[in-house]
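In: Would you be able to build a 3D model of this:
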Amino acid sequence: MKIYRLHKKQSLPITLNEAWEFLSSPENLKIITPDYMGFDIISGADRKMFPGQIIQYIVTPFLGLKTKWVTEITHMKEKHYFVDEQRFGPYSLWHHKHFIKEIEGGIEMEDIIDYKIPFGLLGQLIHPILVKPKLEEIFNYRQKKLIELFGEYKPI
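Out: Residues are numbered from 1 along each chain as shown. Reported below is the predicted structural model:
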């Protein structure tokens with residue numbers, strides 16, 4: 001069983017409170033997801049994030065194929081971190097840790113995603129061709145969008 005990891009860090013020139021306010025609202029995920037993903041929240045985004053929260057989405061990750069994705073917020077420490085785990089969706093495993101901390105002149109966000117592709121050996125073969133590049137593209141888009149929304153971090 002092969003488990004992959006995607007690790008991203010980004011600094012933004014905003015306060016911890018501003019960052020948490022944005023990140024802890026599930027509805028904002030749509031803002032930082034590429035339009036072509038057809039990302040649509042079905043339920044669970046009607047209140048601020050809390051442990052045990054179930055959020056249901058429809059996404060179109062590849063070739064126009066719509067799929068339902070259900071995640072649970074399993075852990076959360078306000079203004080520090082939260083974890084979402086897939087309960088149903090396109091991955092055999094999806095465990096996404098979101099960390100946030102104050103740094104001089106802003107905040108640093110860190111995403112660590114551990115995931116497993118279904119379909120055994122076939123999944124491992126398509127990972128470097130299709131899945132990994134798509135995830136990189138989505139998270140690179142996310143970083144650019146956050147800079148558009150909050151500005152570019154310039155170390156002091």
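
In: starting at the chain centroid, how far to the longest strand belonging to the chain?
Out: Longest strand in the chain by number of residues (criterion: DSSP state E): strand 65-77. Distance, stretch centre to chain centre, for strand 65-77: 10 Å (Cα atoms, centre = their mean, to the nearest Å).

In: CA atoms of it as PDB?
Out: Provided in PDB are the C-alpha atoms of strand 65-77 (Å, rounded to 0.1, in the frame of the first residue of the first chain):
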ATOM      1  CA  LEU A  65     -16.600  13.200 -14.100                       C
ATOM      2  CA  LYS A  66     -18.600  14.400 -11.100                       C
ATOM      3  CA  THR A  67     -18.100  12.700  -7.800                       C
ATOM      4  CA  LYS A  68     -19.400  13.200  -4.300                       C
ATOM      5  CA  TRP A  69     -16.800  13.900  -1.600                       C
ATOM      6  CA  VAL A  70     -17.600  13.700   2.100                       C
ATOM      7  CA  THR A  71     -15.100  15.000   4.700                       C
ATOM      8  CA  GLU A  72     -15.100  15.200   8.400                       C
ATOM      9  CA  ILE A  73     -13.300  17.800  10.500                       C
ATOM     10  CA  THR A  74     -11.800  15.300  13.000                       C
ATOM     11  CA  HIS A  75      -9.500  17.600  15.000                       C
ATOM     12  CA  MET A  76      -9.300  21.300  15.600                       C
ATOM     13  CA  LYS A  77      -7.500  23.800  17.900                       C
END
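
In: Show the average pLDDT along it.
Out: Across strand 65-77, the average pLDDT comes to 95.

In: Next secondary structure after it?
Out: Sequence order places strand 81-88 as the next helix or strand after strand 65-77, per DSSP states H and E.

In: Done for today, thanks.
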